[in-house]
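Q: could you work out the structure for the sequence below:
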Amino acid sequence: MRDQLAGTGALLRLALRRDRVMAPVWTAVVSLLVLSMPAALESVYATPADRARLVVTMGGNGSLRALYGPLFGDSVGALTAWRSGVFAGLLAGVMSLVIVVRHTREEEETGRQEMLSAAMVGRRAPLTAALLAALVANGLVALVVTAGLAGRGAGGALALGLALGATGMVFAGLAGIAAQLTESARLAKGLAGALLGTAFVLRAAGDAGSRTGSSVLTWVSPLGWLEHVRAFAAERWWVLALFAAAVTAQVAAAYALAGRRDVGMSFLPARPGPARGRLGSTGALAWRLQRGSLTGWSLGFLAAGLVFGGMTEGATELVGDNDKTREIIERMGGQSGIADAFLATMAGMLGLVAALYIVSAVLRLSGEESGQRAEPLLANAVGRLRWAGGHLAVAFAGSALILLLGGLGLGIGHGQDVAGAVGATLAQLPAVWVIGAVAALLYGAAPRYAVAAWAVAGAALALGWVGPALRLPEAVMDLSPFAHLPKLPGAEALTWTPLLVLTALAAALTAAGLAALRRRDMAA
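A: Numbers count the residues shown, from 1 in each chain. Got it, this is the predicted structure:
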């Protein structure tokens, strides 16, 4: 066994060096989401009576329980765990699966792992190093959250920190298994991401039907375990044993699979050709490569829109006569009544998430180049601009499609003014395109740092998510392109100037990225 782990230390140092920007950004976003909550919640629910009324209200509000989970206590710490726990766990899961797949299947796909394996590197060393890198990132999240919330109660802070870190490691283990089963990094991320989405859906369905989170559906989801640790509310420390057992079983399964295949091979091989249909253009090829991902995002946005739309009445009930809660929602969604403000807030959230899609779609160019699949195309009568343009067209048009479907679901779920809801989500499109254009510019001009586009999207997500609650200065909020968009539905008048300016900026950045791509050398 020792020989099969040879070189783990060197690979871990390499992984941490490669993730020296991405991992700290992810951990900062996850930690900030949690640590920003206590001050915001204290400003809204200032007295024990306010917090006690919230507990009673949440008990009868199934739609909001589906989103946030049940509320187990009325302390500020318990409210923090309730309000941010599920979403912080989701982000920790995404961070973990990206790290593990990046240092396992992606290394094999690009051929770097085969070169490393020619040296003194054991068969299971890459998987071990990837899991340890994920452990470092999740450990940092746990440490920062515990330290930041210690003043609210050391036991609760430790429970929440450990639960978040453990949730991330569960999905790191799932990503380790997916990396052994699939033949590409894209499929591995897709499979692990689908499992993450399934965990959220199971937890949401279970919490919607149970005031105490006692549903079987909640207990089969790792995100449900995160809730059941009950940080700051008579902690259930034994639930952490479920995480430990799951991670142990997953790692053992991933190790067993890794020991039974050759480097570059998979247990779910690609389907043999010939491919059906015509691939007569670079755009058709880009569509063939990205259609599966776009289909998944489209279905997810439609479902999310339906859920968010159905929550509108529940949100209105939750706000009630709480002026401070109303103020935060209206600050995020506009001064147009609580229902329209909530819909505008949800449209804005869909736009922020769509920024993650467009970054992933644009950076598919980087994956094609580093995987040396672009070189055979460019060696023929295919120019760089045509090749890149096909992928960019799918990315930019795909972001419009998922926002359209999200708005459609939002309107149907609310049951009123479907056209207004669609317009609200499509109004997010220029800001989403700006984020995608930044990714295109980074890829074209500095391909080694193209991954920094994720940091740009993450910063926009963090500003949009917690900025209004923290009352961040306007100058800080304006750093995000989403801050300049009209608040629809319900805005007094649709202002086209910011939409046109952001669209022009996206076009200029994309053109600059393509010009840089045309001049630079391609990866060898």
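Q: switch to C-alpha atoms for all contacts and neighbour counts from now on
A: OK.
Q: doesn't Gly62 make contact with Asp207?
A: Yes - between Asp207 and Gly62 a contact is recorded at 7.3 Å, counting by Cα atoms under 8 Å.
Q: which one of these two has more residues nearby?
A: Looking at Asp207 and Gly62 with other Cα atoms under 10 Å, you find the greater number of neighbours at Asp207, namely 27 against 22.
Q: helix, strand or coil for that one?
A: Assigned with DSSP: H, G, I helix; E, B strand; the rest coil, Asp207 falls in the helix class.
Q: for the helix or strand containing Leu350, name the packing helices and strands.
A: Leu350 is located in helix 338-362, with elements delineated by DSSP states H and E. Other elements packing on helix 338-362 under the criterion 3 or more Cα pairs under 8 Å, 6 or more residues apart in numbering; DSSP states H and E are helix 282-310, helix 312-319, helix 323-333, helix 384-414, helix 418-426, helix 429-445, helix 452-470.
Q: what helices and strands are in contact with whichever strand or helix holds Ala512?
A: Assigning secondary structure by DSSP H and E places Ala512 in helix 496-519. Using 3+ Cα pairs under 8 Å, 6+ apart as the contact test, the elements touching helix 496-519 are helix 384-414, helix 429-445.
Q: need the phi and psi values for Ala379.
A: When quoted as degrees, to the nearest 10, the phi and psi of Ala379 stand at phi -80, psi -10.
Q: and it, how far from Arg65?
A: 55 Å (Cα to Cα, to the nearest Å).
Q: in terms of neighbours, single out the busier of the two.
A: The residue with more neighbours, out of Ala379 and Arg65, is Arg65; 27 against 9, by other Cα under 10 Å.
Q: what about the more buried one, distance to Arg53?
A: 15 Å.
Q: hang on, Glu42 packs against Ala78?
A: No - in this structure Glu42 lies outside contact range of Ala78 using Cα under 8 Å: 11.9 Å.
Q: have a look at the two and say which one is more surrounded.
A: With other Cα under 10 Å as the criterion, Glu42 and Ala78 differ in neighbour count, and Ala78 comes out ahead with 23 against 15.
Q: quick one: closest of the helices and strands packed on helix 338-362 to Leu12.
A: The closest of the helices and strands packed on helix 338-362 to Leu12 is helix 452-470. By Cα to Cα, the value is 20.9 Å.
Q: what does the closest one contact?
A: With Cα atoms under 8 Å, 6 or more residues apart in numbering as the test, helix 452-470 has contacts from 21-22, 25-26, 29, 32-33, 36-37, 39-40, 328, 331-332, 348-349, 352-353, 355-356, 359, 435, 438-439, 442, 477, 480-483.
Q: also stretch 8-23?
A: For stretch 8-23, the external contacting residues (Cα under 8 Å, 6+ apart) are 95, 103, 121-122, 125-126, 128-130, 132-133, 137, 451-452, 454-455.
Q: show me which pair in these is furthest apart.
A: The widest separation within the contacts of stretch 8-23 (Cα to Cα) is 32.9 Å, between Gly122 and Ala455.
Q: low-confidence ranges, the chain, go.
A: Applying pLDDT under 70 to the predicted model, the residue ranges of the chain that meet it are 1-2, 59-61, 63, 117-119, 264, 269-280, 313-338, 468-471, 490-493, 523-524.
Q: 50 - rerun?
A: Low-confidence segments of the chain (pLDDT under 50): 524.
Q: which residue of it lies farthest from its centroid?
A: Ala381 (37.6 Å; Cα atoms, centre = their mean).
Q: does Val382 belong to a helix, a strand or coil?
A: At Val382, secondary structure determined by three-state DSSP is coil.
Q: what separation do you get for the spatially closest residue to Val353 that is not a sequence neighbour and Leu257?
A: Spatial nearest neighbour of Val353, chain neighbours left out: Leu461 (7.4 Å); criterion: Cα to Cα, 6 or more residues apart in numbering. As for Leu461, its distance to Leu257 is 36 Å (criterion: Cα to Cα).
Q: more crowded one of those two?
A: Just comparing Leu461 and Leu257: by other Cα under 10 Å the higher neighbour count belongs to Leu461, 22 against 18.
Q: where along the stretch 1-150 of the chain do the helices fall?
A: Counting by DSSP state H, counting those that start in this stretch, the stretch 1-150 of the chain forms helices over residues 8-18, 22-35, 37-44, 48-59, 62-68, 76-102, 105-110, 112-117, 125-149, given from the N-terminal end onward.
Q: in TSV: these, plus distance to Leu404.
A: Formatted as TSV, the entries for these read as follows, by distance: least, Cα to Cα, whole Å:
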stretch	distance to Leu404
helix 8-18	36
helix 22-35	27
helix 37-44	31
helix 48-59	31
helix 62-68	22
helix 76-102	24
helix 105-110	32
helix 112-117	40
helix 125-149	35
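Q: what are the buried residues along stretch 506-520?
A: 506-518 (16 or more other Cα atoms under 10 Å).
Q: excluding its backbone neighbours, what's nearest Phe200?
A: Take Phe200 and drop its neighbours on the chain: the residue closest to it by Cα to Cα, 6+ apart is Leu223, 6.6 Å away.
Q: and the angle from the strand or helix carrying Gly173 to helix 125-149?
A: Gly173 belongs to helix 154-181 when assigned by DSSP H and E. What separates the directions of helix 154-181 and helix 125-149 is an angle of 160 degrees, with axes from the mean of the first three to the mean of the last three Cα atoms, to 10 degrees.
Q: this completes my enquiry, with thanks.
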